[in-house]
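Trainee: quick check, what structure comes out for this input:
(2 chains)
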Amino acid sequence: MKIYATYNIKGGVGKTTTAVNLAYLAATESKLRTVLWDLDPQGAASFMFRVKPRVKGGGKALIRGKRPLDDAIKGTDFDNLDLIPADFTYRNMDLLLDDAGGSDRKLAKLLAPLAAEYDAVFLDCPPSISLVSENVLHAADVIVVPLIPTTLSVRTLDQLTEFVDGFRGHRPDVLAFFSMVDRRKKLHKEITENLSSERPDVAVTVIPYLSIVENMSVERAPVTVFAPRSAAARAYRALWSEIRARTE
Amino acid sequence: MTPGLAGFIAAGQDTQTSDDVISEVLTALEQEFTLVPERGGSLRTAARRRTWFDTFDWRLYRAGLTLEYVPAHRGGELRLSGASSAAPPAPGSDVEQPVTGWQASRAHPLRDLPDGPITARIAGLVAPRALLPAVTVSDAATVRRLLNEDGKTVARLVIDQPSVPAAGEPPLPPRLTITEVRGYPGQARRAVRIVAGVVGVRPATEPVLAAALRAVGRRPGDYSNKVDAKITAVMPAAQAAATILLRLLDTIEANVPGVLRDIDTEFLHDLRVAVRRTRSAVKLFGDALTAPLAPRDSRLTGNDLARFAAEFKWVGDLTTPTRDLDVHLLGFEDTARALRAAKPDDLEPFRAFLAQRRLREFRALSRGLRSARFTALTQDWRERLTRIRESGSGRTAATGRSGQSGSPAGETAGTLGMERTRRAFAKVARRGAAIMPASPAESLHDLRKRCKELRYALEFFAPLFPPVAYGAVLGDLKRLQDCLGEFQDTEVQIGEIRVLATSMLAAGEAPAVTLLAMGEVTAGLAARQQAARAEFERRFAAFAGVDGQRRMSLLLRGGLA
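Mentor: As a prediction, the model looks like this:
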C-alpha cells in the first residue's frame, strides 16, 4: 500500500482538486484499490464525490480507536475508489491527536490496517502546520505539493523538504508541481520553465489554470469523468504518470 | 462494485411477461431513487458466454464448487466459486486462473489445466476424471445506478438476461440483483424491499447453473455410480429386484458413450462395477424374478436368467484387459517414484509398451460395446425388467417372513433383502474363519469374492437399513475388503508384469535396465502383498468377530423393523 498526501501550507493552491483527480486516476486507470481520506474539515473532496461530510462518532472516535477507520469508509460512484469523508470535528484534530499522546505517528498507525484492502491511499490535508500535518507527513510515502508559480512558494517547498529531511527512519519522497499556471503571465512562465528543469523535486508536468477545473465543484466529479478529453484531464493524467514513474 | 446483496428472478405471474415485471420494478424504485444508466458506455453490456465444467459424476458440485469457463479474445479464464450450488455464490470466494487452448464444447483432461490456484484446489478432487462441459449460458447485463437526493450512487440494479444457446428460446427469466455501495447498507436494503414487493418478482433461490441445466433437461448431480435404487421394505420382492437391476442397467448405459470416447478411465471403471453388481444381484436374488407370484407373461425363466448371467459375464470379460492396463498406467508415476535401485526413466519402455497394449485392447473393447450383441443384451434386459417392475407396481406384497431360501414367492423386498444379506454374511464369516496362516492364497481370493457379494447386498438394500447401524457395518467391511483387495491385486499385478516382460522380450522391446526396474516393481508389490496378508486376521476379526456379528444381527433386525 502506498500513501500519497497532497500538502501545502497555503490554502487555495489546488490540493483537493489534485487529490480527487489523482485518486480517481489511480483507481480507474491504474486499477489500484484506492481510498481517499478527506482530512480537511471543510469537506471539499467529500462534496466532489457527493458524500455527506459526516463520520459517526466524529474524529474523536477515529483517533481514539473507538471506531475503526474501516467503518467510516464510503464507496464512491466509481469502481475501486472509496472515500473516508470529512467531518466538522476534524477542525479539532490537533487537540484530539494531542489528547491521544501527541504522537506524530498516530495517523500512520490508524492507516496500517487498510493495507490488506487497498493499494493506494490519498490524504487530502488541510492547509496548516500542525500536529495533523506532521502526522500526515510521517504517514505518507509520497508528498505531492501543488505550487503556485511564485518565488515565495518555492521557499515553502524548501522549508518542507528541510523539515522532512530531519525525519528519523521513514522519509517520504517530496514531489512538487506547478498548479494553476497561467501561461500568459510572464512570471508564471519563467518560474515554471526554470524550476522544472533546475530542481529534481519539481515535476515537469504543470497543471494549467483552466475554468473547467473549477467546474468540478459544479459537476461534483473528477474532471476526467465529465470532461475526459479536456486539456485539464490530459494534464492530470500526465501528472499521475509522472508521479508514479518518479516514485516507483 | 460490491457483490450482490440480494438476487431475484423476474418470473412474471399469470399474463405478466418478464419485461412487464422489469418495468414495474423500475417504476417502483423511481418512487424512492433517481435511476440513471451506469457511467461510461452503453446501458447493456456485451453478451458474455460462460460454460460450466464438472466431472461426469459431479465431483465439484458435490464438493460445493462451481467451475466456470469464460472465453476471451486470447485464451480464456476459469473461475471457481466455492459456494454451495444450492445458494448464491458467497462474496469473495471466487478463484480465477487463465487458461489457453480451452474449448467450451469439449472434455478437458486434468493435464489441460496449467499450474495455478484452481488446479491446486481441484486436482486432487477431480483426478483421474476429465472436466466436461455441463451447460453454456450466454448473458447480457444492464446496470442502473440508484441515486440519493445528493445525486450520489447508493446502490445498483443489475438486470441479467441469461439464455442457454443449446436450449434455444425462450431464454431463462431475467435475474435482478441489487448491489450495495460501501457505506450505504440502509439504502440497498430499502431497494431490496422495494424490488421484493413487486408482483411477479421472486427470490432467486436457484443458481443460474441449475436453471440452465434444467433448460437442457438435466439437473446437477444427475449421475452417481451409487446404487440408490428406490425400493421400500413392503414392495414385492420381484419388483424390488427389477428396480435394483434397472438402476444398474442405467449406470451401465450412462457410461458407454464416455468409454467409447475414451474421455477418462472412470467411465470404464463405473461400467465394470455396474456389470459386476448386476452379476452379483442375479446370483443373489435373481430367483425373485422367476417367482411364480409375478405374472406369468413377465417373469423370467431359469434359462433366461442363466443366459443373461452368461452375457453379463461376457461384458465383464470384455472390459478386463483394458481396465488392468489402466490400473498399471494410472499408478505408473507412483510406481516409478517408489523405485530405489532403478531410475524412473528405466521404466519408460514399459510405459510405452503398456500404452501400446492398451490401444489394442481398447479397440477390441470398443468393437464389443458397439456390437449388436451388446445392444441386444441391454435392450432385452431392460424390456424384461421393466415388464416385471411395472407388473408389480402399486402392489404391496403379502407381509410375512418366508425366510425360505429359493422360495421368494410372496416375499417383500424387506424379507428378501434381510435374508439374502444374512446368507451372504454367514458365508463370509464361515469361510473367513476357516482361513489359517498356512491357507493358500486362493482361500483369500475366494473370501474377497464373498465379501464383494455381501457388500453389494448391503448396497442394494441400503434404503431398508437403519443408517447408523449400516454405516458401522459398512466401515469394517470396507477395511477388510481393502486388505483383501491389496492382497489379490498385488498378486495379479505381479503375474501381469511377468507376462508383459515376456511379451516385451519377445518383441525385442525390453532393454535390460527396464527388465531390472520391472523386477524391482514386482519385488515392491510382493512386499505389499505380504503386509496385506499379515494384516488380514486383524481386519477379519474386526468385521466378523463377536462384536461384528452382533452389529450385523442388529442391522438385519433393524431392516425388518
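
Trainee: residues near B:Arg351, how many?
Mentor: Applying other CB atoms under 10 Å in any protein chain shown, we find 18 other residues in the vicinity of B:Arg351. (C-beta placed from N, C-alpha, C; glycine too.)

Trainee: against A:Gly57, how distant is it?
Mentor: 69 Å (CB to CB, to the nearest Å).

Trainee: residue boundaries of the strands in chain A?
Mentor: A:2-6, A:34-38, A:74-75, A:81-84, A:120-124, A:142-147, A:173-181, A:202-208 (DSSP state E).

Trainee: just so I know, which of these lies nearest chain B?
Mentor: Of all the strands of chain A, strand A:74-75 sits nearest to chain B, with 3.3 Å by CB to the nearest CB.

Trainee: contacts (any at all) between chain A and the top strand by length along chain B?
Mentor: As assigned by DSSP E, the longest strand anywhere in chain B is strand B:132-147. Yes. Shown here: strand B:132-147 in contact with chain A (CB under 8 Å from any CB of the partner chain) through B:Arg145.

Trainee: one step back: any chance of the strands of chain A in TSV, plus mean pLDDT?
Mentor: Listed next are the strands of chain A as TSV, based on pLDDT from 0 to 100:
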stretch	mean pLDDT
strand A:2-6	96
strand A:34-38	97
strand A:74-75	96
strand A:81-84	96
strand A:120-124	97
strand A:142-147	95
strand A:173-181	94
strand A:202-208	93
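
Trainee: can you list the domains in chain B?
Mentor: B:4-215, B:232-343+B:357-391, B:412-561 (automatic domain parsing).

Trainee: which of these has the lowest average pLDDT?
Mentor: The weakest mean pLDDT among the domains of chain B belongs to domain B:4-215, with a mean of 86.

Trainee: give me the distance between it and the centre of its chain.
Mentor: 26 Å (CA atoms, centre = their mean, to the nearest Å).

Trainee: now stretch B:200-215: buried residues?
Mentor: B:200-201, B:204, B:207-215 (16 or more other CB atoms under 10 Å in any protein chain shown).

Trainee: that older thread, could you export the domains of chain B as CSV, including distance to A:Thr28?
Mentor: Formatted as CSV, these follow (distance: least, CB to CB, whole Å):
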stretch, distance to A:Thr28
domain B:4-215, 9
domain B:232-343+B:357-391, 45
domain B:412-561, 56
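
Trainee: hmm, back to that, can you dump the C-alpha atoms of the longest strand of chain B in CSV for me?
Mentor: Only the C-alpha atoms of strand B:132-147 are listed here, as CSV (Å, rounded to 0.1, in the frame of the first residue of the first chain):
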residue,chain,number,x,y,z
LEU,B,132,-16.8,-32.0,-19.1
PRO,B,133,-18.9,-29.0,-20.2
ALA,B,134,-22.2,-29.2,-18.4
VAL,B,135,-24.0,-26.3,-19.9
THR,B,136,-23.3,-22.9,-21.6
VAL,B,137,-25.1,-19.8,-20.7
SER,B,138,-25.0,-16.5,-22.6
ASP,B,139,-25.9,-13.4,-20.7
ALA,B,140,-26.1,-9.7,-21.1
ALA,B,141,-26.3,-7.4,-18.1
THR,B,142,-27.9,-3.9,-17.9
VAL,B,143,-26.8,-1.8,-14.9
ARG,B,144,-28.7,1.2,-13.4
ARG,B,145,-27.4,3.3,-10.6
LEU,B,146,-29.7,4.3,-7.8
LEU,B,147,-29.0,7.9,-6.7
